[in-house]
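Participant: Attaching a predicted model along with its sequence, questions to come.
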Amino acid sequence: VFEDDVWKYLEGTYEPDTNWRKLAFNDATWLQGQGGVGYGDGDDNTIINSVTSLYLRKTFTIIDTSEIAAAILHVDYDDAFVAYLNNVEIARANVGIVGDHPPYNYGSNTDHEAQMYQGGSPDQFIVNPQLLSTILNQGNNVLSVQVHKHNISSSDLTGRIFLSLGISTTTT
């Protein structure tokens, strides 16, 4: 999954359906745009309105899960995020506690500035390999990410997400 892929997104002006993180969720009414998605600091391909949160979904296909050896999530964010793979939390930074689902109007713990537009690198999160093997589907999968800014008066919000999978195979 590349940050500049087309993502489905919902501006956080209300609480989305609790199933939004699941593959079967119907996101037909959600907007779509090229990632990164956000506003305020000039690094976003899709510009949204000023909101406290942003919900992103990207479906992707894996032909053979037995060949997946590792996964790394890279996220450039302002100010916080929680990431889910097929409705299972795989990473979070600067918001809430592991296992909770921060509401749409919840602010981040502190300010965190996106790095890539300044020439920096996104933060890296290695997905637990044992967890990965239990949550990846042969076929369709969904990466769902909620991004939160520090508070309603914060000047920017950014979500730029990459998911890289390491392949282990004897045939390639």
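Facilitator: Right, received. Where do you want to start? Remember, predicted model here, so these are calculated numbers, not experimental data. Numbers count the residues shown, from 1 in each chain.

Participant: where along this structure do the strands fall?
Facilitator: Here the chain has its strands, by DSSP state E, at 6-11, 31-34, 37-39, 46-47, 53-62, 68-78, 80-85, 88-93, 123-126, 139-148, 157-167.

Participant: centre of the chain versus the third one, how much separation?
Facilitator: The offset between the C-alpha centroid of strand 37-39 and the centroid of the whole chain comes to 13 Å, using Cα atoms, centre = their mean, to the nearest Å.

Participant: Which one, of the strands of the chain, ends up nearest to residue 22?
Facilitator: The minimum distance between residue 22 and the strands of the chain falls on strand 139-148, with 7.2 Å, by Cβ to Cβ. Heads up, the C-betas are built off the backbone N, CA and C, glycines and all.

Participant: mind listing what the closest one pairs with, with the direction of each?
Facilitator: Sheet pairing for strand 139-148, assigned by DSSP bridges, gives strand 53-62 (antiparallel), strand 80-85 (antiparallel).

Participant: mean confidence score for stretch 75-87?
Facilitator: In this model, stretch 75-87 carries a mean pLDDT of 98.

Participant: mind listing what the most centrally placed residue in the chain touches?
Facilitator: Centroid-nearest residue in the chain, with Cα atoms, centre = their mean: residue 145, separated by 2.9 Å. Each residue near residue 145 by Cβ atoms under 8 Å, 6 or more residues apart in numbering is listed here: 55-56, 75, 81-84, 159, 161.

Participant: Kindly report the same for residue 131.
Facilitator: Going by Cβ under 8 Å, 6+ apart, residue 131 touches 88, 90.

Participant: which stretches of the protein have low pLDDT?
Facilitator: 170-172 (pLDDT under 70).

Participant: 80 - rerun?
Facilitator: Scanning the chain for pLDDT under 80 picks out 169-172.

Participant: Need the strands paired with strand 139-148 in CSV (columns: distance to residue 1 and mean neighbour count).
Facilitator: Below are those laid out as CSV (distance: least, Cβ to Cβ, whole Å; neighbours: other Cβ atoms under 10 Å):
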stretch, distance to residue 1, mean neighbour count
strand 53-62, 5, 19
strand 80-85, 10, 25
